[in-house]
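Asker: Just to be clear, the model below is a prediction. Sequence and coordinates:
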Amino acid sequence: MTITDPGTTLPFSAIAADPTDIATNGPKADAYQGMLLVLSSPTITDATPDGTSQFYEFVVNGACRVDDTLYVHYGQPATPYPPTGFTNGTQFQSLFGVLGYSFSNSKLWPRDAVDIVR
């Protein structure tokens, strides 16, 4: 693969989604899988949804998991866990990402730092 222009602007915008709609078994979870989405004003409500296991996932608005599949540790060091700035109560202006599915859950996958708007 050859990248000829890394600054290309996409010819479309991210689709605005509600975290409840795209959560596991949500009414739009299957339809939006693989699409670029944006969540407006999401708040982390569970910084450790897998208990003591450190999978670098968090839940926003009590519904939608966000995972570091494409952007490892959200650009943060591996410790502390959860990463600084990704704890319960943290609110973002917006979160962009591709909706994926892994380990029986729908998950938003931010692509890089630009997708996490504080």
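Answerer: Okay, I see it. Note that the structure is a prediction, hence the values are computed from the model and not measured.
Asker: which residues are contacting stretch 75-94?
Answerer: Stretch 75-94 is contacted from outside by 38-48, 54, 56, 58, 60, 73-74, 112-113, 116-118, using CB atoms under 8 Å, 6 or more residues apart in numbering. All C-beta spots, glycine's among them, are computed from the backbone N, C-alpha and C.
Asker: end to end, how far does it reach?
Answerer: One end of stretch 75-94 sits 17 Å from the other (CA to CA, to the nearest Å).
Asker: let's number from 59 now, not from 1
Answerer: Yes, from this point I'll number from 59; that puts the last item at stretch 133-152.
Asker: thinking again about what came up before, among the contacts of stretch 133-152, which ones are in strands?
Answerer: The strands, defined by DSSP state E, take in Val96, Leu97, Ser98, Ile102, Thr103, Asp104, Phe116, Val118, Ile174, Val175 from these.
Asker: how about these in JSON lines, adding pLDDT?
Answerer: What follows is the ones in strands among the contacts of stretch 133-152, written out as JSON lines (pLDDT from 0 to 100):
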{"residue": "Val96", "pLDDT": "98"}
{"residue": "Leu97", "pLDDT": "98"}
{"residue": "Ser98", "pLDDT": "98"}
{"residue": "Ile102", "pLDDT": "98"}
{"residue": "Thr103", "pLDDT": "98"}
{"residue": "Asp104", "pLDDT": "98"}
{"residue": "Phe116", "pLDDT": "98"}
{"residue": "Val118", "pLDDT": "98"}
{"residue": "Ile174", "pLDDT": "97"}
{"residue": "Val175", "pLDDT": "97"}
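Asker: Can you tell me which of those are buried?
Answerer: The neighbour count (16 or more other CB atoms under 10 Å) marks Val96, Leu97, Ile102, Thr103, Phe116, Val118, Ile174 as buried among the ones in strands among the contacts of stretch 133-152.
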